[in-house]
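Engineer: sequence plus predicted model, see below.
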Amino acid sequence: MTENPRGVDAVARKVSGGGRLNRAEALTLYEQASTHLLGRLAGEARACRHPSGIVTYIIDRNVNYTNVCVARCNFCAFYRPVGSDEGYVVGFDELFRKIDETIAVGGEQLLLQGGHNPDLPLEWYEDLFRAVKARYPSFRLHALSPPEIIHLSHLSQLDVPLIIRRLMDAGLDSIPGGGAEILVDRVRRELNCYSKASTDEWLSVMRDAHRAGLRTTVTMMYGTVEHLDERIEHLMRVRELQDETGGFTAFIAWSFQPSNTKRGGTEATGVEYLRTLALARLVLDNVENLQASWVTQGGKVGQLSLSYGANDMGSVMIEENVVRAAGATFCMDELEIVRNIENAGFIPKRRNMHYDVLGDPIVRQRDVPRMTTLAEARAAGDHSVPKELVQYRARTPAGKRARAPR
Ligand code: SF4
């Protein structure tokens, strides 16, 4: 990599002094700065924002409630088309069991995301959220990324603010920032994800959510067809909305996982991940927290992330099916996360969805079951339909057949 000392040095001085990077300066850093320099600058920015040396993580469970999806993003290895024998919907009872297991390991939240299943109407989500809150009043639901909310808006013919309001009334606590991929429409068209949400539509859902009082995260999936300046454009669009609403709690970047996807190709390297993370820390001067994506990068790069701008290790992995379908198989329970944080020279603390520190690791306080194997959303070979599903009107012929009385 060639360096342009004058240009890079001037930009480095500016950002070290607390200056805000513009697009051209961010690109100069990305293209020309050494990985060491990027890490040093991002580490300084992180230390300035989080001087205590605390690295947080959350104990929660990532449940993908259905893999049936009509969006067909070409980077996705998780979805199954309507009518597929491998399609599933998680039943209410199954979800309660997963919540019980989550509480047993000290968790207090579900991250709930899934495919765009035309046979699950808005009422199914409302009933699910209400049922969870009735049974577990203090349990939190971090659920439904912007494209899922747009899908529900199309399905129900109701506008997005009303969908958000109804979901909040049913128990929605915050919205995960999934489905952002790269917030540039040229890229979204190539990834076949423009129709699930254009850039403006994705950002508009988040604006509506923030205005309704929800805090949300924001993500970036890089390493497909985007150019470097388009990654920076993504960061700039996030920064602009954050200036407007202040509603993003955290930014999470991960690399495209190509295995089993229609798009295929190779995965970005660990160095590229660290450079991207560091640049995000420097550009997103108004976003408080950056997560390390150890799920896609592994524990070792996850540790390094803490020196490249990240101050959070995300969630203890109890279950994840989306990146697992694409070949990412890293898994860490709380003990492993704590070990990695401490070994990197930081102080591990549990947090909630709003990034408030809750306390020291649960494993230091009491015995908890170790759950290092990823649970399947559904037992292999079970094609039965959850019993409550028959109450909801299916829209597709396959859905109607599956719910017909036998
Ligand atoms: S990424 Fe999400 S929306 Fe796209 S095909 Fe996969 S499950 Fe569907």
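Structural biologist: On my side now, so go ahead. As the structure is a computational prediction, the values presented were derived from the model and not from experiment. Numbers count the residues shown, from 1 in each chain.

Engineer: element containing V132, please.
Structural biologist: According to DSSP states H and E, V132 maps onto helix 122-135.

Engineer: show me what the next helix or strand after that helix is packed up against.
Structural biologist: Counting by DSSP H and E, the next helix or strand C-terminal to helix 122-135 is strand 140-143. With contacts defined as 3 or more Cβ pairs under 8 Å, 6 or more residues apart in numbering; DSSP states H and E, strand 140-143 has these neighbours: strand 109-113, helix 122-135, strand 174-175. Using the backbone N, CA and C atoms, a C-beta is placed for each residue, glycine as well.

Engineer: thinking again about what came up before, could you pull out the buried residues of the helix holding V132?
Structural biologist: For helix 122-135, burial by neighbour count (16 or more other Cβ atoms under 10 Å) applies to 122, 124-129, 131-133.

Engineer: buried ones in the helix ranked longest in the chain, by neighbour count?
Structural biologist: When the chain is parsed with DSSP state H, its longest helix is helix 228-245. Residues of helix 228-245 classed as buried: 229, 231-239, 241-242, 245 (neighbour count, 16+ other Cβ under 10 Å).

Engineer: helices or strands next to it in the packing?
Structural biologist: Using 3+ Cβ pairs under 8 Å, 6+ apart, helix 228-245 is in contact with helix 23-32, helix 199-211, strand 215-222, strand 248-255, helix 270-283.

Engineer: repeat the analysis, applying 10 Å as the threshold.
Structural biologist: helix 23-32, helix 185-190, helix 199-211, strand 215-222, strand 248-255, helix 270-283 (3 or more Cβ pairs under 10 Å, 6 or more residues apart in numbering; DSSP states H and E).

Engineer: out of these, which is closest to the ligand?
Structural biologist: strand 215-222 (9.1 Å; Cβ to the nearest ligand atom).

Engineer: related to what we said a few turns ago, make a markdown table out of the buried residues of helix 228-245 and add pLDDT.
Structural biologist: Putting the buried residues of helix 228-245 into a markdown table (pLDDT from 0 to 100) gives the following:
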| residue | pLDDT |
| --- | --- |
| D229 | 96 |
| R231 | 97 |
| I232 | 98 |
| E233 | 98 |
| H234 | 98 |
| L235 | 98 |
| M236 | 98 |
| R237 | 98 |
| V238 | 98 |
| R239 | 98 |
| L241 | 98 |
| Q242 | 98 |
| T245 | 98 |
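
Engineer: residues near the residue nearest to F75 when sequence neighbours are not counted, how many?
Structural biologist: Leaving aside its chain neighbours, F75 sits nearest to R263 (5.0 Å; criterion: Cβ to Cβ, 6 or more residues apart in numbering). R263 has 16 neighbours, counted by other Cβ atoms under 10 Å.

Engineer: which residues does R263 contact?
Structural biologist: R263 makes contact with 73-77, 190-192, 224-225, 256, according to Cβ atoms under 10 Å, 6 or more residues apart in numbering.

Engineer: helix 270-283 and the longest helix of the chain, what's the angle between them?
Structural biologist: Between helix 228-245 and helix 270-283, the angle comes out at 40 degrees (axes from the mean of the first three to the mean of the last three Cα atoms, to 10 degrees).

Engineer: off-centre distance for helix 228-245?
Structural biologist: Put simply, helix 228-245 sits 17 Å off its chain's centre (Cα atoms, centre = their mean, to the nearest Å).

Engineer: coming back round to it: okay if I get the buried residues of helix 122-135 as CSV plus pLDDT and distance to the ligand?
Structural biologist: CSV is the format used below for the buried residues of helix 122-135 (pLDDT from 0 to 100; distance: Cβ to the nearest ligand atom, whole Å):
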residue, pLDDT, distance to the ligand
L122, 98, 17
W124, 98, 17
Y125, 98, 16
E126, 98, 21
D127, 98, 22
L128, 98, 18
F129, 98, 20
A131, 98, 23
V132, 98, 21
K133, 98, 25
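
Engineer: nearest to H154, of those?
Structural biologist: L122 (10.8 Å; Cβ to Cβ).

Engineer: let me know how buried the residue nearest to the closest one when sequence neighbours are not counted is, in neighbour terms.
Structural biologist: Counting by Cβ to Cβ, 6+ apart, L122 lies nearest to S156, which is 4.7 Å off, once chain neighbours are set aside. S156 has 14 neighbouring residues, counting by other Cβ under 10 Å.

Engineer: what's the closest non-adjacent residue to the residue nearest the centre of the chain?
Structural biologist: The centre of the chain sits closest to G178, judged by Cα atoms, centre = their mean, with a distance of 4.8 Å. Leaving aside its sequence neighbours, G178 sits nearest to S145 (Cβ to Cβ, 6+ apart; 3.5 Å).

Engineer: contacting residues for the one you found?
Structural biologist: Residues near S145 by Cβ under 10 Å, 6+ apart: 111-114, 151, 175-180, 196-197, 202, 205-206, 216-217, 219.

Engineer: and V90, by the same measure?
Structural biologist: With Cβ under 10 Å, 6+ apart, V90 has these contacts: 63-67, 97-98, 112, 114, 128, 377-378, 386.

Engineer: just the buried residues out of the residues you listed, in ChimeraX syntax.
Structural biologist: A single ChimeraX command selects the buried members of those (16+ other Cβ under 10 Å):
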select :63,64,65,66,67,98,112,114,128,377,378
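
Engineer: could you work out the most separated pair of the contacts of V90?
Structural biologist: N67 and R97 (18.5 Å).

Engineer: how about D100, phi and psi?
Structural biologist: With angles defined as degrees, to the nearest 10, D100 sits at phi -60, psi -40.

Engineer: meant to ask about Y355
Structural biologist: The phi/psi pair for Y355 (degrees, to the nearest 10) is phi 70, psi 20.

Engineer: helix, strand, or coil at L358?
Structural biologist: The three-state assignment at L358 reads strand, by DSSP: H, G, I helix; E, B strand; the rest coil.

Engineer: can you tell me the closest non-neighbouring residue to it?
Structural biologist: Once flanking residues are discounted, L358 sits nearest to R350: 4.5 Å by Cβ to Cβ, 6+ apart.

Engineer: over to G7?
Structural biologist: Here the residue nearest G7, using Cβ to Cβ, 6+ apart, is T28, at 5.1 Å.
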